[in-house]
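Visitor: here is a sequence with its predicted model. Questions after.
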Amino acid sequence: MTKTDPEIRIPDPIELDRIEEERLRAVAGLAPTHAEGTEYAGFDTVGIPDRPPQTDRERDVYTLSEGEMLLNMGPQHPSTHGVMRLIVKVRGEVVVDIDPVLGYLHRGIEKLCENATYTTVLTYVDPMDYLSAMHNEHAPAIAFEKLYGIKAPPRAEYIRALVVELNRVFSHGLMMGFLALDMGGLTPILYSFINRDEVVDMLSAISGQRMLFNFFRVGGVNWDTSDEFLSRLGTWRANVMKNIEMNEAMITENEIFTARTKGMGVLTGDQAISLGVTGPNLRASGVPFDVRKAHPYSIYHELEFDVVTQSRGDSYSRYLQRIAEIKQSIHLIDQIVDRMPHGPVQAQVPGIIRPRPGRAYGAVESPRGLYSVYAISDGGPNPYRFRMRDPSFISLQAIPKLMPGHLVADTMAIMASFDPVMGGVDK
Amino acid sequence: MDLELLLGIGRFLLATTLLLLLTVPTAFIIIQMEMKIIAQLALRYGPNRIGPRGIFQSTIHGFKVLAKEDTVPDQADRGTFTLAPWMVYMAAAMSMLVIPFAPGAIAADFSIGIVYFFAVLGLSVVGLLVAGWASYNKYSLLGGLRSAAQMVSYEIPLTLSIVGAVVLAGTLSFSELIAWQHEHGWLLLWQPVGVAIFYVASLAEVNRTPFDMVEADSELVAGPFTEYSGMRFGFFFFAEYVALFIMSGILISLFFGGWLAPWPFPAQLDGFWGTIYGAFWFFLKTYIFVAVAVWLRGTLPRVRVDQLMGMAWKVLLPLALVNLFITAIAVVVFEL
Amino acid sequence: MSFPGMGIAKGMATTFRNFFAPKVTRQYPEERPEIPDRWRGRLDLIYDPFGEHKCEVCFQCAQVCPVEAIDMSGFDSEGNRIRYGMPEIYDERRDPNAYRRAGLAARPMRNPARWDEAIDTPFIDEVVDGFGGRAEALVAIFRAVEDRYGYLPERALRRISDRMSIHWAQVFGAAGLGGFRLLPATGHVITVCDCASCRFAGGDRILRALEDELGIRAGETTADETFSLETRSDVGAGALSPAIRIDTLVYGPLTEEQALHVVGERRNAAARAAAGAGTAS
């Protein structure tokens, strides 16, 4: 190796960063260094782009008036339900505006599904909203069955409804825990996980996996129930109400908890409808819309259950709504186990399905709202377009509408009451 | 230089050294208690691999804290950054001088011990403010200001709640107060409202859940301690647990009889064994209250910062004042 | 806004009760979870009841994997080697390239014979049938095959597994654990036993004497590739300590001179055979 010429000066790393940044800015057509004193907020530490705003909303958010400050609740954060970045404009302690920045967990699932056969698509959609994986599979299964023109046998439909309701129970149970955790209570989350563990062990006895189940197939489900599954179901059913009530005792009447959730983040029914919020969040604002009753799918028209609503629409109501729904789901599970018919669990479909060209839409009621799939087929083995509408994504739109006027500390509490899951938001 | 003075100075130095050394195992024990008790509340075991039933976990945590890299932010003011943990720790350690561990085992038995205690405890506010400011970090600053506001506003109900007890006992010295309790029964029975106010305010002073907004880990990372790592953070951490111990110690000294044993047992013995006997009861009662504080931490969510301040000024302060007036009137009327 | 109250008390009563309740943690290495039968979490290839892999090496999984995580190789129906993935992982180019990367001269693949070697199928069938195809005779069958080839070729083991209907994994495991050689050896192999009793009886002295005599260390082969020296711990079976084995014949108990004598005899025999073959050809 030749010795370096002493005349050549190697710049130190901080210099190199600055040189590189100036070169990139020149390529992008921006001024070489950040202009000082512009009226456009330019706090580098928050990571706001210093290009001119591209939409009105962006300009509104990033223009600071007297006494306001931009705060970044960054992607790494103990309680943003996944990776999400919130740019919060505060005046003192009061929130004036919020801009969620999404996309940190984007995995390109919709595009991947365009290159996969219909059966493979059902394995790709599990990790979207990972806490309600069965619902993620149910909606595409409905859409593909419509495309292909078959119906799943009755026993398969009952098994589907059973696992879907089980999934709903533990997902709502987890929301209770997360809500308390975001407020500093350390134990309810562990009680929720005890419940979830039992259910997930049960589901692993029927589907082979604990979290990303890969259980649904076009035309039915993969396996029939096993003895182990049924025995675990019985044990769980005997204990579940005790567990939920134990968790409730820690949270529901706790004065600190109610003081922090009552009256917070009030979402009126009209606001919710206009924003497209669905599921327990909508029903907690008083609108009795449940996909299982409004557009019945699977076997829900044969089962009886109530559509519970709450009247106030604040965080506390959303919490109470989910507890009521847990009870409804348990009632549904009892009915399903009573009425399950015998029969095959999967319709006869070929290995690679090639439906006729057409379009189909399948919607289910997931624990977060209306989860739906719109699939377009062009006659080939892969779907031409596979579009998923995720309820958490829509609920997050509601956050900037509700938050102004509350304190920074309430941000997390209100978000937790909407129970978003970033996997579904980012797909 | 007479012998008396020299012996006094020697005794004092010995006492302060012992106290400083005592803070470390106290912090370790309380941290271990916290890990295990909160775990058991949540139907799990907590650390149970290091040592039999996990009792050495806390010690290993202490070594781990020593082994971490010591980072100082580039633009932080290095001098004050280093000074802040000392200030908080020293406030806690200095206030240990007047705690009545056992008859004859108080490091410095001032006649105005109570006043000294509360005065010195307030110095930790300065330490937290300095920590928040010297870190050159927006979030630390916010956290430091919040914590200063919280601690300052809870000082007032804290001190007012014990004035009733002081008026009843007619003395500001800890040992004399305990002697009064020996004759007249525990001050818990005379001042129940005072006990309640003192307990709530002391939890807020020490930044324990439900009042731990300062270190609200689900919000602004770790408040004023965000930029501290390694042993610097260890100092803050220890200071918090030592302060919890101290507050519990003062609570029981003022209201629960200090080193006196409860009813079926003889309240106080003499001589050397009397000291051991008193120390045993003191530590037992203190750790019971520490366990209650840990239990509260495992159970309750956090109070929001404005609700916290509201509670201090709108609820505890008027209650403390009312308690004080009633006590004063009762003392005059009943010639107590 | 006063906080103490019934709700908090209820919560505290719940946690107090749970403090004394039995805990739900499963202490993992000591208590294992019950894995259901349908558990799909294992990364295994599945065997059929005859002991063969169910995998047919059709490459569908490797082709469809979105992140190209699967490499595989196998034989097609004509016996050709086919592979999917980097050729460097497999055979012929693996070892030479590894040596080249290390800056050494390229040396050929260590045991090409394993993959494509031909074996005498009728001979193996005869051996197996001679023992009546009984599973207890497996070791004796191995002995016979090893006598014939000097080691146990993989193809021979597969034939044995097929013929006796014993799970391939069991056959392979028995061969490995039974102390049979699975790779061909170079030249005559002298194995010095280093089990405990042979060592106490002086086996290490024999080893050193043989090392000096042959001019090589244990694990190496002489320059003219007629003899290799190795140590194993299962040659003498304790009763013949100290023992050595030359090819398949076991000698023991030996003193140093006796060992040198035996090896010397064998060397002369080999030299005469080589000379005889030389003059004959």
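Guide: Now that the structure is in, tell me what you want to look at. Residues are numbered from 1 along each chain as shown, chains lettered A, B, ... in the order given.

Visitor: residues of the stretch 51-200 of chain B that sit close to chain A?
Guide: Residues of the stretch 51-200 of chain B lying near chain A by Cβ under 8 Å from any Cβ of the partner chain: residue B:138. The way it works is simple: take the backbone N, C-alpha and C, and place the C-beta from them, glycine included.

Visitor: how much space between the closest residue to chain C within the stretch 1-150 of chain B and residue B:245?
Guide: Nearest residue of the stretch 1-150 of chain B to chain C: residue B:41, at 4.2 Å (Cβ to the nearest Cβ). Taking Cβ to Cβ, to the nearest Å as the measure, residue B:41 falls 20 Å from residue B:245.

Visitor: same deal with residue B:183?
Guide: For residue B:183, the distance to residue B:245 - Cβ to Cβ - is 28 Å.

Visitor: who has more neighbours, those two?
Guide: residue B:245 (26 against 8; other Cβ atoms under 10 Å in any protein chain shown).

Visitor: residues contacting residue 212?
Guide: Let's take chain A. A:126-127, A:130, A:133 (Cβ atoms under 8 Å, 6 or more residues apart in numbering or on different chains).

Visitor: that answer is for a different chain, and I need it for chain B
Guide: Shown in contact with residue B:212 (Cβ under 8 Å, 6+ apart): A:184, B:297, B:302.

Visitor: and the residue of chain C found nearest chain B, helix, strand or coil?
Guide: Here the residue of chain C nearest chain B is residue C:15; by Cβ to the nearest Cβ that distance is 4.2 Å. Assigned by DSSP: H, G, I helix; E, B strand; the rest coil, the conformation of residue C:15 is helix.

Visitor: ok, it touching residue B:297?
Guide: No. With contact defined as Cβ atoms under 8 Å, residue C:15 does not reach residue B:297; the gap is 10.4 Å.

Visitor: so which of those two has more stuff around it?
Guide: Just comparing residue C:15 and residue B:297: by other Cβ under 10 Å the higher neighbour count belongs to residue C:15, 24 against 21.

Visitor: if we can go back for a sec, distance of the residue of the stretch 1-150 of chain B closest to chain C relative to chain A?
Guide: Computed as Cβ to the nearest Cβ, to the nearest Å, the residue B:41 to chain A distance reads 6 Å.

Visitor: for the residue nearest to residue B:45 when sequence neighbours are not counted, what are its contacts?
Guide: Counting by Cβ to Cβ, 6 or more residues apart in numbering or on different chains, residue C:25 is the residue found nearest to residue B:45 once chain neighbours are left out, at 5.0 Å. Counting by Cβ under 8 Å, 6+ apart, residue C:25 touches B:43-45.

Visitor: same deal with residue B:245?
Guide: Here residue B:245 is in contact with B:26-27, B:30, B:286, B:290 (criterion: Cβ under 8 Å, 6+ apart).

Visitor: can you check residue B:174 too?
Guide: B:98-100, B:106, B:109, B:113-114, B:253, B:258.

Visitor: kindly report the same for residue C:156.
Guide: Counting by Cβ under 8 Å, 6+ apart, residue C:156 touches C:119, C:124, C:145, C:149.

Visitor: report the helix or strand with the lowest average pLDDT across chain A.
Guide: Scoring the helices and strands of chain A by mean pLDDT, DSSP states H and E places helix A:13-28 at the bottom, with a mean of 71.

Visitor: who does the helix or strand just after that one touch, helix- and strand-wise?
Guide: Downstream of helix A:13-28, the next assigned helix or strand under DSSP states H and E is helix A:56-62. Other elements packing on helix A:56-62 under the criterion 3 or more Cβ pairs under 8 Å, 6 or more residues apart in numbering or on different chains; DSSP states H and E are strand A:94-101.

Visitor: which of the three states applies to residue A:387?
Guide: Assignment for residue A:387 (three-state DSSP): strand.

Visitor: that one and residue A:113 touch, don't they?
Guide: No. Residue A:387 lies out of contact with residue A:113 (Cβ under 8 Å); the separation is 9.5 Å.

Visitor: more neighbours: which of those two?
Guide: Neighbour count, other Cβ under 10 Å: between residue A:387 and residue A:113, residue A:113 has more, with 25 against 15.

Visitor: for my notes, confirm the more buried one occurs in a strand.
Guide: No. Using three-state DSSP, the secondary structure at residue A:113 is helix, not a strand.

Visitor: looks like it contacts residue A:121 (just checking).
Guide: Yes. Assessed by Cβ under 8 Å, residue A:113 is found in contact with residue A:121 at 4.5 Å.

Visitor: give me the element the residue most central in space within chain C is part of.
Guide: When chain C is reduced to its mean C-alpha position, the nearest residue by Cα atoms, centre = their mean turns out to be residue C:176, at 4.9 Å. Assigned by DSSP H and E, residue C:176 belongs to helix C:168-177.

Visitor: contacts for that helix, please.
Guide: Residues contacting helix C:168-177 (Cβ under 8 Å, 6+ apart): C:47, C:51-52, C:138-139, C:142, C:152, C:157-158, C:160-161, C:164, C:182.

Visitor: please enumerate the helices of the stretch 151-300 of chain B.
Guide: Assignment of helices within the stretch 151-300 of chain B using DSSP state H, counting those that start in this stretch yields the ranges B:174-184, B:187-190, B:192-205, B:230-255, B:271-299.

Visitor: likewise the stretch 1-150 of chain B?
Guide: Under DSSP H, counting those that start in this stretch, the stretch 1-150 of chain B gives helices at B:3-41, B:57-67, B:78-95, B:113-121, B:123-134, B:138-169.

Visitor: OK, contacts around residue 193?
Guide: Just so you know, I chose chain A. Applying Cβ under 8 Å, 6+ apart, the residues contacting residue A:193 are A:174, A:177.

Visitor: chain B was what I was after
Guide: B:161, B:319, B:323 are the contacts of residue B:193 under Cβ under 8 Å, 6+ apart.

Visitor: ok, residue A:119 touching residue A:216?
Guide: No. Counting by Cβ under 8 Å, residue A:119 stays clear of residue A:216, with 9.9 Å between them.

Visitor: so for those two, which sits in the more crowded spot?
Guide: The neighbour comparison of residue A:119 against residue A:216 (other Cβ under 10 Å) goes to residue A:216, with 32 against 17.
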